[in-house]
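>>> here is a sequence together with a model predicted from it:
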Amino acid sequence: MKLLRSVLMKGLEALAVECLPAARAYGVLDQLWAALQDVDRTGFTNLLQAMTRTHPRHAARREHEVAQAAEQLEQIGCPSAMTRATEQRFAVTRAAADSSVPADDTTDAAIDWITATRSNAL
């Protein structure tokens with residue numbers, strides 16, 4: 001359990017240390033903290049479930065957004081390795097979603113679909 005939790009929490013930490021210095025460099029760190037308050041209202045577990053449910057159907061749009069975010073980081077000389085890895089994850093999902101998406105709009109159906117399509121994974 002500890003190591004599974006670490007996959008998520010340490011990955012989130014790595015994204016935070018990639019994002020927060022860039023937010024400071026752009027002078028928008030306070031605005032970013034404010035924009036993240038919806039996570040507090042939603043709850044972290046609920047947020048993860050919602051992201052998982054919507055991941056297959058919205059992967060193409062999210063891939064594009066993440067690519068733009070990585071380019072923005074790179075323009076100011078900030079590391080983008082985690083953001084580029086995220087972009088790749090969305091690309092894999094987008095490619096799989098071109099031929100199918102989960103039948104039901106549930107977290108379990110999304111996890112089953114992700115598991116079934118992971119032969120295309122990174």
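That came in fine, so what should we check first?
>>> drop to CA atoms for contacts and neighbour counts, all remaining ones
OK.
>>> what about Thr52, which SS state?
Using DSSP: H, G, I helix; E, B strand; the rest coil, the structure places Thr52 in helix.
>>> count the residues that sit near it.
Under the neighbour criterion other CA atoms under 10 Å, Thr52 is assigned a count of 19.
>>> show me the contacts for it.
Neighbour list for Thr52: 107, 110-111 [criterion: CA atoms under 8 Å, 6 or more residues apart in numbering].
>>> spatially nearest residue to Asp105, not counting backbone neighbours?
Arg53 (6.2 Å; CA to CA, 6 or more residues apart in numbering).
>>> got it, and Thr86?
Distances taken as CA to CA, 6+ apart put Val66 closest to Thr86, at 7.2 Å, once the chain neighbours are dropped.
>>> just the element for the one you found, please.
helix 44-75 (DSSP states H and E).
>>> run through who's touching the helix or strand just after that helix.
Downstream of helix 44-75, the first helix or strand assigned by DSSP H and E is helix 81-97. Contact partners of helix 81-97, identified using CA under 8 Å, 6+ apart, comprise 14-15, 18, 55-57, 59-60, 62-64, 66-67, 69-70, 114, 117, 120-122.
>>> buried subset of those?
15, 18, 55-57, 59-60, 62-63, 66-67, 69-70, 114, 117 (16 or more other CA atoms under 10 Å).
>>> of the residues you listed, which is the nearest to Gln37?
Ranked by distance to Gln37 (CA to CA), these are led by Leu15 at 17.1 Å.
>>> element containing that closest one?
Using DSSP H and E, the element containing Leu15 is helix 2-26.
>>> residues touching the helix or strand following that helix, excluding its own?
Next helix or strand after helix 2-26 toward the C-terminus (DSSP H and E): helix 29-35. With CA under 8 Å, 6+ apart as the test, helix 29-35 has contacts from 20, 23.
>>> for stretch 102-112, same thing?
For stretch 102-112, using CA under 8 Å, 6+ apart, the contacting residues are 49-50, 52-56, 113.
>>> can we see that at 10 Å?
Applying CA atoms under 10 Å, 6 or more residues apart in numbering, the external contacts of stretch 102-112 come out as 48-57, 101, 113-118.
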